[in-house]
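Enquirer: need a structure here:
(one chain, ligands or ions: 2)
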Amino acid sequence: MEKTFLMVKPDGVQRGLIGEIVSRFEKKGFQLAGAKLMSISQELAEEHYGEHKERPFFGELVDFITSGPVFAMVWQGEDVIATARQMMGATNPKDAVPATIRGDFGLTVGKNVIHGSDSPESAQREIGLFFKEEELIEYSKLINEWIY
Ligand code: DAT
Ligand code: MG
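Expert: Residues are numbered from 1 along each chain as shown. Ligands and ions are numbered 1, 2, ... in the order given. Model (predicted):
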């Protein structure tokens with residue numbers, strides 16, 4: 001089953017949105033494979049956001065993501081990578097439609113509440129950066145028979 005890396009950013013943790021965000025993915029029918037509250041080191045932040053190294057906002061982005069704890073998660077399910085991106089909404093909350101996470105809870109691009117992998121390649125890379133294999137749990141849920 002496809003897996004993706006999702007993370008409640010420091011603003012979302014401070015604002016008490018962990019439960020709300022977990023709940024949305026649970027209710028959708030996705031299955032949690034791993035989760036932890038953690039601090040991101042400077043090195044991990046720079047690696048995670050490596051694709052944006054040359055962008056003018058890179059320093060700000062690294063400072064922000066290391067500014068407080070994040071809630072890192074791996075979710076699995078059919079088409080979870082693309083569907084989670086849709087549920088997150090556009091990068092800039094100004095453009096994110098209502099009923100998306102950024103549309104409902106964000107106002108500015110710098111503090112947009114949630115991160116999600118944008119492709120199978122980035123999902124694999126980001127899961128590997130944040131989780132050890134033994135931190136991901138394979139288990140079956142009977143309810144999946146009513147989802148698939
Ligand atoms: P996404 O998080 O939707 O995958 P991205 O990968 O393009 O978006 O950018 C990573 C993060 O960088 C994004 O969540 C917020 C920040 N960011 C993106 N564009 C920005 C900009 N123009 N100014 C400030 N921060 C920006
Ligand atoms: Mg991205």
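Enquirer: now do the contacts for Phe71.
Expert: Residues in contact with Phe71, defined by CB atoms under 8 Å, 6 or more residues apart in numbering, are 7-8, 12-13, 18, 21, 35-38. No exception for glycine: its C-beta is placed from N, CA and C like everyone else's.
Enquirer: just the buried ones from those residues?
Expert: Taking 16 or more other CB atoms under 10 Å as the criterion, what is buried in the contacts of Phe71 is 7-8, 12-13, 18, 21, 35.
Enquirer: could you work out the most separated pair of these?
Expert: Gly12 and Ala35 (13.6 Å; CB to CB).
Enquirer: for ligand 1, what are the nearby residues on this structure?
Expert: 52, 57, 61, 91, 109-110, 112, 115, 118 (CB under 6 Å from any ligand atom).
Enquirer: how about a cut-off of 5 Å?
Expert: Contact residues (CB under 5 Å from any ligand atom) of the chain with ligand 1: 57, 61, 91, 109, 112.
Enquirer: so the second one sits in a helix?
Expert: Yes - counting by DSSP: H, G, I helix; E, B strand; the rest coil, Leu61 is found in a helix.
Enquirer: closest to Met87 among the buried ones among the contacts of Phe71?
Expert: Nearest to Met87 among those is Ile21, at 9.3 Å by CB to CB.
Enquirer: need the three-state assignment for Lys36.
Expert: Lys36 - assigned by three-state DSSP - is strand.
Enquirer: go ahead and confirm it touches Ala72.
Expert: Yes - under the criterion of CB atoms under 8 Å, Lys36 makes contact with Ala72 at 5.6 Å.
Enquirer: ok, now which ones touch Ala33?
Expert: 3, 74-76, 136-138.
Enquirer: can you do 10 Å?
Expert: Ala33 makes contact with 1, 3-4, 73-77, 80, 127, 131, 135-139 under the criterion CB atoms under 10 Å, 6 or more residues apart in numbering.
Enquirer: what's the separation between it and Thr66?
Expert: 25 Å (CB to CB, to the nearest Å).
Enquirer: what's the answer for Pro10, then?
Expert: 8 Å.
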